[in-house]
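K.L.:
sequence-free structure coming up:
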């Protein structure tokens with residue numbers, strides 16, 4: 001590591017309009033006095049705090065307006081501006097409605113002005129209260145952190161939509177199969193009738209095993225019913241939370257198509273997913289027949305599903321884990 005790597009940047013240069021958008025430059029190569037170094041460091045530190053506290057200017061041409069419903073946490077757009085709503089919101093009775101995370105993102109980016117039905121201004125803190133208390137029963141801190149992180153990277157992010165089940169065409173049995181089934185049913189009933197006639201009504205007192213019916217009743221015992229334990233696996237509660245799309249000019253939120261990535265959100269405090277959880281998530285990815293995260297593996301001659309797991313910590317931020325399956329079929333069914 002060189003000495004220039006340890007030298008702090010001069011953030012005071014960022015206050016100059018000509019230097020906006022450029023990285024802070026390093027200090028001079030000369031060796032000024034200690035007082036000059038302390039003064040330059042203090043100036044750079046003040047400039048850094050000023051830049052952090054700078055309020056972004058609101059541009060009316062790109063700022064939409066909405067009304068917050070505190071009961072549902074949704075925001076109804078009353079005036080649409082800019083191109084931000086191209087990849088956000090859903091339509092309800094002809095009006096664009098934003099989920100809490102979408103409205104909070106736009107509000108934090110100063111692209112949305114929100115009021116309540118009484119006309120009082122709503123701030124980003126109001127949405128944090130709604131989201132982090134799960135006002136709508138779904139969004140929480142970890143999910144919003146993942147959403148905001150992906151949005152900052154430029155991706156289009158929507159709440160996960162399970163793929164619609166593929167309807168199988170109804171096939172009618174052939175005439176030969178129908179006739180064979182009818183004939184087999186008649187033969188089966190005849191055999192059972194003959195068996196019940198010769199065996200079903202035979203007395204239990206025979207061959208000297210029991211002399212009387214009383215001896216038979218003495219051998220009877222009442223057996224307590226045992227609780228039936230299902231050997232089937234418990235249904236997994238694992239699910240995807242976000243569908244992520246790479247930005248594309250022809251992308252439409254009404255028909256987003258197959259997501260590029262499916263993201264499941266968790267936190268370090270939660271238990272590790274079980275094998276049943278992984279199996280459920282992999283089965284869900286297989287339902288996206290044209291998913292790009294599957295086609296990459298098919299080009300290599302493999303059939304392996306993959307998804308992303310976002311681990312959100314209180315101080316660590318958002319970390320993504322790519323989980324790839326082995327492509328083996330489920331042998332339990």
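P.N.:
Thanks, I have the structure now. Worth saying up front: this structure is predicted, and the values here are computed from it rather than measured.

K.L.:
Backbone dihedrals for residue 321, please?
P.N.:
When read as degrees, to the nearest 10, the backbone of residue 321 gives phi -120, psi 130.

K.L.:
my guess is it meets residue 308, correct?
P.N.:
Yes: with contact defined as C-beta atoms under 8 Å, residue 321 reaches residue 308; the gap is 7.0 Å. Backbone N, C-alpha and C define where each C-beta goes, glycine included.

K.L.:
Who has more neighbours out of those two?
P.N.:
More crowded of residue 321 and residue 308, by other C-beta atoms under 10 Å: residue 308, with 19 against 11.

K.L.:
Give me the distance between that one and residue 12.
P.N.:
Distance, residue 308 to residue 12, by C-beta to C-beta, to the nearest Å: 40 Å.

K.L.:
next one: residue 68
P.N.:
40 Å.

K.L.:
Same question for residue 189.
P.N.:
From residue 189 to residue 12 the distance is 97 Å (C-beta to C-beta).

K.L.:
Those two - which one has more neighbours?
P.N.:
residue 12 (20 against 10).

K.L.:
Which of the helices or strands spans the residue lying closest to that one once chain neighbours are set aside?
P.N.:
Counting by C-beta to C-beta, 6 or more residues apart in numbering, residue 47 is the residue found nearest to residue 12 once chain neighbours are left out, at 4.1 Å. Element membership for residue 47, per DSSP states H and E: helix 34-52.

K.L.:
what's the following helix or strand after that helix?
P.N.:
Under the assignment DSSP H and E, the closest C-terminal helix or strand after helix 34-52 is strand 64-68.

K.L.:
That following strand - contacts with which helices or strands?
P.N.:
Applying 3 or more C-beta pairs under 8 Å, 6 or more residues apart in numbering; DSSP states H and E, we find strand 64-68 packed against strand 75-79, helix 100-108, strand 112-115.

K.L.:
if we go to 6 Å?
P.N.:
strand 75-79, strand 112-115 (3 or more C-beta pairs under 6 Å, 6 or more residues apart in numbering; DSSP states H and E).

K.L.:
Now those in JSON lines, please, with extra columns for mean neighbour count and mean pLDDT.
P.N.:
Listed next are those as JSON lines, based on neighbours: other C-beta atoms under 10 Å; pLDDT from 0 to 100:
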{"stretch": "strand 75-79", "mean neighbour count": "18", "mean pLDDT": "96"}
{"stretch": "strand 112-115", "mean neighbour count": "21", "mean pLDDT": "95"}
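
K.L.:
for the stretch 201-333 of the chain, which spans come out with low pLDDT?
P.N.:
201-210, 224-237, 286-304, 326-333 (pLDDT under 70).

K.L.:
Tell me which stretches of it form strands.
P.N.:
Taking DSSP state E, counting those that start in this stretch, the strands of the stretch 201-333 of the chain run over residues 242-245, 261-266, 306-313, 317-324.

K.L.:
Comparing the ones you listed, which stretch has the densest surroundings?
P.N.:
Ranked by mean neighbour count under mean count of other C-beta atoms under 10 Å, the strands of the stretch 201-333 of the chain are led by strand 261-266, which reaches a mean of 22.

K.L.:
Run me through the strand neighbours of that strand, direction for each.
P.N.:
strand 242-245 (antiparallel), strand 306-313 (parallel) (DSSP bridges).

K.L.:
Which among the ones you listed is found nearest to residue 214?
P.N.:
For residue 214, the closest of the strands paired with strand 261-266 is strand 306-313, at 68.8 Å, according to C-beta to C-beta.

K.L.:
Just want the angle from that closest one to strand 317-324.
P.N.:
160 degrees (axes from the mean of the first three to the mean of the last three C-alpha atoms, to 10 degrees).

K.L.:
Contacts for strand 306-313, please.
P.N.:
The contact list for strand 306-313, computed with C-beta atoms under 6 Å, 6 or more residues apart in numbering, reads 142, 145-146, 261-268, 281, 285, 293, 318-324.

K.L.:
Next: stretch 265-275.
P.N.:
Under C-beta under 6 Å, 6+ apart, the answer for stretch 265-275 is 142, 143, 146, 238, 241, 310, 311, 312, 313.

K.L.:
Unless I misread the structure, the third one falls within a helix.
P.N.:
Yes: looking at residue 146 with DSSP: H, G, I helix; E, B strand; the rest coil, it is inside a helix.

K.L.:
Report how many residues lie close to it.
P.N.:
25.

K.L.:
repeat for the fifth one
P.N.:
Neighbour count of residue 241, defined by other C-beta under 10 Å: 20.

K.L.:
Please report phi then psi for it.
P.N.:
Main-chain dihedrals, residue 241, degrees, to the nearest 10: phi -120, psi -30.

K.L.:
Could you pull up the residues touching it?
P.N.:
Here residue 241 is in contact with 143, 160, 265 (C-beta under 6 Å, 6+ apart).

K.L.:
Let's have the strands of the stretch 201-333 of the chain in JSON lines, adding distance to residue 43.
P.N.:
Below are those laid out as JSON lines (distance: least, C-beta to C-beta, whole Å):
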{"stretch": "strand 242-245", "distance to residue 43": "42"}
{"stretch": "strand 261-266", "distance to residue 43": "42"}
{"stretch": "strand 306-313", "distance to residue 43": "35"}
{"stretch": "strand 317-324", "distance to residue 43": "30"}
